[in-house]
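K.L.:
The sequence isn't on hand, but the structure is:
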């Protein structure tokens, strides 16, 4: 991304199920979503594009809450493998406030079905118990590119090393900026 306006053009990767659900794909179309499959992401990257990936996905949604920050990241290494193979860099980003503007129903049949289908079929609520975000401060912080090398066939050791660097950088972003968002001052970050 070379100019601030270009950041708005970077597509966000979403689960294939989201993009194949008739009504949902039309609603989500305004958000510049692309299929999160490895094949599609590789095509975007080979074409010189960038893509925003919410690494934790639906699993992270069901771990989040207003009381603590939990990232579902330990087992999510495919993005690092893809970046190494394609010779592209990874830029860590942290969004403060996303776990406090809306709450989600995390238990029961809809939550179970959501996990199986890999798409959120749960009830979200915020202000007035409606799906309207609460008036909370949101802060989006961007770290420095990790400086990943191009490794056509990365070993598990290569992937683990750079995944560890990514996790460390995300943790640094959190600790460095949490004081800027009042309800985050005393929160700890857990990486599951």
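P.N.:
Arrived safely. Small disclaimer: the values here were computed from a predicted structure and weren't measured.

K.L.:
Tell me which other helices or strands the longest helix seen in the chain touches.
P.N.:
Looking across the chain with DSSP state H, the single longest helix is helix 156-177. Packing contacts for helix 156-177, counted by 3 or more Cβ pairs under 8 Å, 6 or more residues apart in numbering; DSSP states H and E, involve helix 78-86, strand 93-96, strand 139-142, strand 189-191. C-beta: built from backbone N, CA, C; applies to glycine.

K.L.:
How about residues contacting the second one?
P.N.:
Strand 93-96 has contacts (Cβ atoms under 8 Å, 6 or more residues apart in numbering) with 52, 137-143, 170, 173-174, 177-178, 180-181, 184.

K.L.:
partners of the helix or strand that that strand is followed by, with directions?
P.N.:
Where DSSP states H and E defines the elements, the next helix or strand beyond strand 93-96 is strand 103-104. Note on strand 103-104: by DSSP bridges, its sheet partners are strand 124-125 (antiparallel).

K.L.:
coming back round to it: now the helices and strands packed on helix 156-177 as a markdown table including distance to residue 130 and mean neighbour count?
P.N.:
Formatted as a markdown table, the helices and strands packed on helix 156-177 follow (distance: least, Cβ to Cβ, whole Å; neighbours: other Cβ atoms under 10 Å):
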| stretch | distance to residue 130 | mean neighbour count |
| --- | --- | --- |
| helix 78-86 | 34 | 19 |
| strand 93-96 | 22 | 18 |
| strand 139-142 | 24 | 14 |
| strand 189-191 | 29 | 14 |
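
K.L.:
does the residue of the chain positioned farthest from its centre sit in a helix, a strand or a coil?
P.N.:
Here the chain reaches farthest from its C-alpha mean at residue 128, the gap being 26.6 Å by Cα atoms, centre = their mean. Under the three-state scheme (DSSP: H, G, I helix; E, B strand; the rest coil), residue 128 adopts helix.

K.L.:
Quick check, pLDDT for it.
P.N.:
Model confidence at residue 128, given as pLDDT, is 92.

K.L.:
Drop anything exposed from the contacts of strand 93-96.
P.N.:
141, 143, 170, 173, 174, 177, 178, 181, 184 (16 or more other Cβ atoms under 10 Å).

K.L.:
Output those in JSON lines; the columns should cover distance to residue 121 and pLDDT.
P.N.:
As requested, the buried ones among the contacts of strand 93-96 are exported to JSON lines (distance: Cβ to Cβ, whole Å; pLDDT from 0 to 100):
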{"residue": "141", "distance to residue 121": "31", "pLDDT": "94"}
{"residue": "143", "distance to residue 121": "33", "pLDDT": "95"}
{"residue": "170", "distance to residue 121": "28", "pLDDT": "97"}
{"residue": "173", "distance to residue 121": "31", "pLDDT": "97"}
{"residue": "174", "distance to residue 121": "29", "pLDDT": "96"}
{"residue": "177", "distance to residue 121": "32", "pLDDT": "96"}
{"residue": "178", "distance to residue 121": "31", "pLDDT": "94"}
{"residue": "181", "distance to residue 121": "29", "pLDDT": "89"}
{"residue": "184", "distance to residue 121": "29", "pLDDT": "89"}
